[in-house]
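Visitor: coords below, sequence missing:
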């Protein structure tokens, strides 16, 4: 149990276009979802936290208007990278947690590799 | 900033126990210690977590010191597939701050 999927697993886009990444909890209701970014040979950096039906809370230095997060249901969150540029190329990972388990454990998706040309 | 510190890298012979230390000297009373690992180009995989007591599951054992300022993850019989970056996180809320982790290399 506690499986999180992401789609697509990889995407290549042209500079200036927007890209949407989906994150789904497949067998549980995700009270909270998180989005991370990971550059090569670096650790995961938290970008934002979102609760279903609420606006996302962004970490310092993360542009809200560039990285649009929607958490419309208890099983789906989306991250849209708007007007993508080559410096946005990275590995984007989502995770989800649920109040059902009574702990703060996060379940991670497999990640989405974004390459902006 | 991350609240945990770990050695950047370790090697372990295949079949031997891998002991990965983590320092979390500023941990507060309601914070759990979580361990995850990340194999190249994949999302982190949950290993184990604990609050005060030592824990064991099918993957690993977690030893937490009595003062809770440090912990050790033990992989009892490391295999080549255990080669990964291991992250120790302490969190009392839903927010995780990842440190740099330990890159474990299991040698044949």
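Guide: Thanks, I have the structure now. Remember, it's a predicted structure, so these values are computed and weren't measured experimentally.

Visitor: give the contact list for the most centrally placed residue in chain A.
Guide: With distances taken as CA atoms, centre = their mean, the residue of chain A nearest its centroid is residue A:35 (3.4 Å). Neighbour list for residue A:35: A:23, A:46, A:47, A:48, A:50, A:67, A:69, A:77, A:79, A:92, A:93, A:94 [criterion: CB atoms under 8 Å, 6 or more residues apart in numbering or on different chains]. Glycine gets a C-beta too; all of them are placed from N, C-alpha and C.

Visitor: on the three-state scheme, it is what?
Guide: strand (DSSP: H, G, I helix; E, B strand; the rest coil).

Visitor: so how far is residue B:91 from it?
Guide: Distance of residue A:35 to residue B:91, computed by CB to CB, to the nearest Å: 17 Å.

Visitor: tell me what the residue of chain A found nearest chain B is bridged to.
Guide: Closest to chain B within chain A is residue A:108: 3.8 Å, counting by CB to the nearest CB. Residue A:108 has these beta-bridge partners by DSSP bridges: residue A:95.

Visitor: just to revisit the earlier point, can I get the contacts of residue A:35 in CSV with neighbour count and secondary structure?
Guide: Converted to CSV, the contacts of residue A:35 look like this (neighbours: other CB atoms under 10 Å in any protein chain shown; DSSP: H, G, I helix; E, B strand; the rest coil):
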residue, neighbour count, secondary structure
A:23, 28, strand
A:46, 17, strand
A:47, 22, strand
A:48, 22, strand
A:50, 25, strand
A:67, 19, strand
A:69, 24, strand
A:77, 31, strand
A:79, 25, strand
A:92, 23, strand
A:93, 26, strand
A:94, 31, strand
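
Visitor: keep only the residues you listed that also lie close to chain B.
Guide: Restricting those to those within reach of chain B (CB under 8 Å from any CB of the partner chain) leaves A:46, A:93.

Visitor: looks like residue B:70 contacts residue B:22 (just checking).
Guide: Yes. Counting by CB atoms under 8 Å, residue B:70 touches residue B:22, with 6.4 Å between them.

Visitor: more neighbours: which of those two?
Guide: residue B:22 (25 against 18; other CB atoms under 10 Å in any protein chain shown).

Visitor: excluding chain neighbours, give the residue nearest to that one in space.
Guide: Leaving aside its sequence neighbours, residue B:22 sits nearest to residue B:88 (CB to CB, 6 or more residues apart in numbering or on different chains; 3.4 Å).

Visitor: can you get me a residue count around residue B:72?
Guide: When neighbours are defined as other CB under 10 Å, residue B:72 has 16 of them.
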